[in-house]
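# Predicted structure and sequence below. I'll ask about it afterward.
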Amino acid sequence: MSLVHRIQQHFADSIATKQAALESLTEPIAMAIDLLSEALANDHKVLACGNGGSAADAQHFAAELVGRFERERPELPAISLATDTSILTAVGNDYSYDQIFAKQVRALGRAGDVLIAISTSGNSANVITAIEAARERDMTVIALTGKGGGKIGAMLGDDDVHLCVPADRTARIQETHLLVIHCLCDGIDYSLLGD
Ligand SMILES: O=C(CO)[C@@H](O)[C@H](O)[C@H](O)[C@H](O)COP(=O)(O)O
Ligand SMILES: [Zn+2]
């Protein structure tokens, strides 16, 4: 395959994945927006976690809630659990990498808060333990996954929301997760501020 063809194939695959996600994820994204807007309107906060590209997504989402998305509005409480290198290295070193998010959830999470759990495979152990910790704290979970949802998809409860991108390739799932995150930001602003 030529370089030009490879580039064109990436664009075509990304468009096809987003088209498929448009069909399957519109309704669950709207449910996630309702859940987040309700929590934020009632003074609860959002915690977000994930590894690698998903760590960047968690940070990106928190930045758009604390700062802004496209419109001016009051600051919204959101914390990325993937960004404090002292906590990540201390907990990873003294306990295990599986605990890096869970211990922060237990430290910061309160009943009514929302955990955004991002994993393209749905199988990252530290995201799974973060969801278990969120349960202990009576938080609800919005999981962004792919590849069928993996173990995370299987462990979610009726009050949680599963946003599973219908794709198997990590890059395509990540690209769609970012689109989903921007839909969440826009939907929260719409719910809190109107049109
Ligand atoms: O961005 C990429 C690959 O595109 C990688 O950094 C990727 O995020 C890492 O391999 C993660 O550890 C994958 O974890 P997960 O999405 O399966 O939970
Ligand atoms: Zn990537």
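Happy to help now that I have it. Numbers count the residues shown, from 1 in each chain. Ligands and ions are numbered 1, 2, ... in the order given.

# alpha carbons only for contacts and neighbour counts from here, please
Noted.

# Hmm, Arg172 and Arg14 touching each other?
Actually, residue 14 is Ser. It isn't Arg. Yes - counting by C-alpha atoms under 8 Å, Arg172 is a contact partner of Ser14 at 5.8 Å.

# And these two? Which one has more around it.
Taking other C-alpha atoms under 10 Å, Ser14 and Arg172 do not tie; Arg172 has more neighbours (22 against 18).

# What helix or strand is that one located in?
Using DSSP states H and E, the element containing Arg172 is helix 170-193.

# Could you list the buried residues of that helix?
170, 172-178, 180-189, 191 (16 or more other C-alpha atoms under 10 Å).

# same check, this time on stretch 153-167
Gly153, Leu156, Asp160, Val161, His162, Leu163, Cys164, Val165, Pro166, Ala167.

# Quick check: the farthest pair among those?
The most widely separated members of the buried residues of stretch 153-167 are Asp160 and Ala167, with 21.0 Å between them, by C-alpha to C-alpha.

# touching ligand 1 at all, the helix ranked longest in the chain?
Longest helix of the chain, by residue count under DSSP state H: helix 3-41. No - Helix 3-41 does not reach ligand 1 (C-alpha under 6 Å from any ligand atom); its nearest approach is 13.1 Å.
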